[in-house]
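Novice: Build me a structure from this.
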Amino acid sequence: MKKTLIASASFALIASLSAQAETVRFGIDLNYPPFSKQGADGKPQGFDIDMANALCKEMKVTCQIVPQDWDGLIPALNANKFDAIISSMQITPERQKAVDFTNKYYNIASRLVAKTGTKVDAASFKGKKIGVLRASTQEKFAKDFWGKNGATIVPYAKSPESFLDLKSGRVDAVFVDGAVGEGEFLKTAQGKGYTFVGPNYSDVKYFGLGAGIAVKKGNKALLDRLNKAIEAVRKDGSYKKVEEKYFSFDVYGG
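Specialist: This next block holds a predicted model:
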């Protein structure tokens, strides 16, 4: 009996240590401030990183951030380089063919940034250039909306590079997530003389139902855990603390 109790206790200890040692690896493109960037100390920081940490805390696992360029995120996920993608990835039908998504963890409209007074309609940028993040929902929309009306759509591997080219005149506008355009350009000294032009763009056909966390097809166990964690941090106030650190408005959306 004593041996049985010792064996049971040992098994429980091993199981406990195993649970504590569990790690969830999140793939993130670190070139999309304020959602993600590499800080001056070399460490990842931003809304997506803080959300990943909050979710890991709720799930009682260790959180590991794996940097990955945007257009390689889904291939790297499917190659098991990490377990999930939390990188402001919009939930769209096209992406759902390749990965499974959690419920949204935020939903912000896309906006066009250009010089103050710029007129915006489908033909406004004929013969002009619009910067976008490569392989993004903004790129697809821009090609269909402005590209088919004579605009040249210029893709960038890193979103901040598009703002540098906007300021230098190499592109005439940048089409980007509204929070990125505001926080990383319009609110800075470089953004003087520029503003959001035109309406909010949130067509579900292009932009889906918001940003979700992607996992490999069929990984229902992790998907369910992440969904429960998102719901929990929304209820216990953890989400709001992260949100208020970066934004002055509700990013979760209606």
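Novice: which stretches of the stretch 101-250 of the chain form strands?
Specialist: 110-115, 129-133, 152-156, 173-177, 194-201, 211-216 (DSSP state E, counting those that start in this stretch).
Novice: what's the closest of the ones you listed to Ala54?
Specialist: strand 211-216 (12.2 Å; C-beta to C-beta). Every C-beta, even on glycine, is put in place using the N, C-alpha and C of the backbone.
Novice: elements contacting the closest one?
Specialist: Other elements packing on strand 211-216 under the criterion 3 or more C-beta pairs under 8 Å, 6 or more residues apart in numbering; DSSP states H and E are helix 73-78, strand 84-90, strand 99-101, helix 220-236.
Novice: for the helix or strand that contains Ala52, packing partners?
Specialist: Assigned by DSSP states H and E, Ala52 belongs to helix 47-59. The elements that helix 47-59 packs onto, with contact taken as 3+ C-beta pairs under 8 Å, 6+ apart, are strand 23-28, strand 36-38, strand 62-67, strand 84-90, helix 220-236, helix 238-246.
Novice: ok, now how distant is Gly147 from Ser248?
Specialist: According to C-beta to C-beta, to the nearest Å, Gly147 stands 33 Å off from Ser248.
Novice: Please say which of those two ends up with more neighbours.
Specialist: When neighbours are counted by other C-beta atoms under 10 Å, Gly147 and Ser248 differ, and Gly147 comes out ahead with 17 against 9.
Novice: Now for that one: which residues touch it?
Specialist: Ile153 (C-beta atoms under 8 Å, 6 or more residues apart in numbering).
Novice: ok, back up a step: what's the closest of the strands of the stretch 101-250 of the chain to Ala76?
Specialist: strand 211-216 (10.9 Å).
Novice: Need the contact partners of that closest one.
Specialist: Contact partners of strand 211-216, identified using C-beta under 8 Å, 6+ apart, comprise 55, 73-74, 77-78, 80, 83-86, 88-91, 95, 99-108, 222-223, 226, 230.
Novice: Need the CA coordinates for that strand. PDB is fine.
Specialist: Extracted as PDB, the C-alpha positions of strand 211-216 are listed here (Å, rounded to 0.1, in the frame of the first residue of the first chain):
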ATOM      1  CA  ALA A 211      -8.400  39.700 -36.100                       C
ATOM      2  CA  GLY A 212      -8.200  36.100 -34.800                       C
ATOM      3  CA  ILE A 213      -5.500  33.700 -33.600                       C
ATOM      4  CA  ALA A 214      -4.700  31.100 -36.100                       C
ATOM      5  CA  VAL A 215      -3.800  27.500 -35.400                       C
ATOM      6  CA  LYS A 216      -3.100  24.500 -37.600                       C
END
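Novice: what about it, average pLDDT?
Specialist: The average pLDDT for strand 211-216 rounds to 98.
Novice: Flag the shaky bits of the stretch 101-250 of the chain, pLDDT-wise.
Specialist: For the stretch 101-250 of the chain, no stretch is flagged by pLDDT under 70.
Novice: closest to Gln45 out of the helices and strands packed on helix 47-59?
Specialist: strand 36-38 (6.2 Å).
Novice: So what touches the closest one?
Specialist: 28-31, 44-49, 67, 87-88.
Novice: Mark which of these are buried, thanks.
Specialist: Among the contacts of strand 36-38, those classed as buried by 16 or more other C-beta atoms under 10 Å are Ile28, Asp29, Leu30, Asn31, Pro44, Gln45, Gly46, Phe47, Asp48, Ile49, Ser87, Ser88.
Novice: how about JSON lines for the helices and strands packed on helix 47-59, with distance to Gly178 added?
Specialist: Output for those, formatted as JSON lines (distance: least, C-beta to C-beta, whole Å):
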{"stretch": "strand 23-28", "distance to Gly178": "20"}
{"stretch": "strand 36-38", "distance to Gly178": "16"}
{"stretch": "strand 62-67", "distance to Gly178": "24"}
{"stretch": "strand 84-90", "distance to Gly178": "12"}
{"stretch": "helix 220-236", "distance to Gly178": "21"}
{"stretch": "helix 238-246", "distance to Gly178": "13"}
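Novice: contacting residues around the residue most central in space within the chain?
Specialist: Residue closest to the average C-alpha location in the chain (C-alpha atoms, centre = their mean): Ser88, at 1.2 Å. By C-beta under 8 Å, 6+ apart, the contact list for Ser88 reads Tyr32, Phe35, Ser36, Asp48, Tyr106, Asp177, Ala211.
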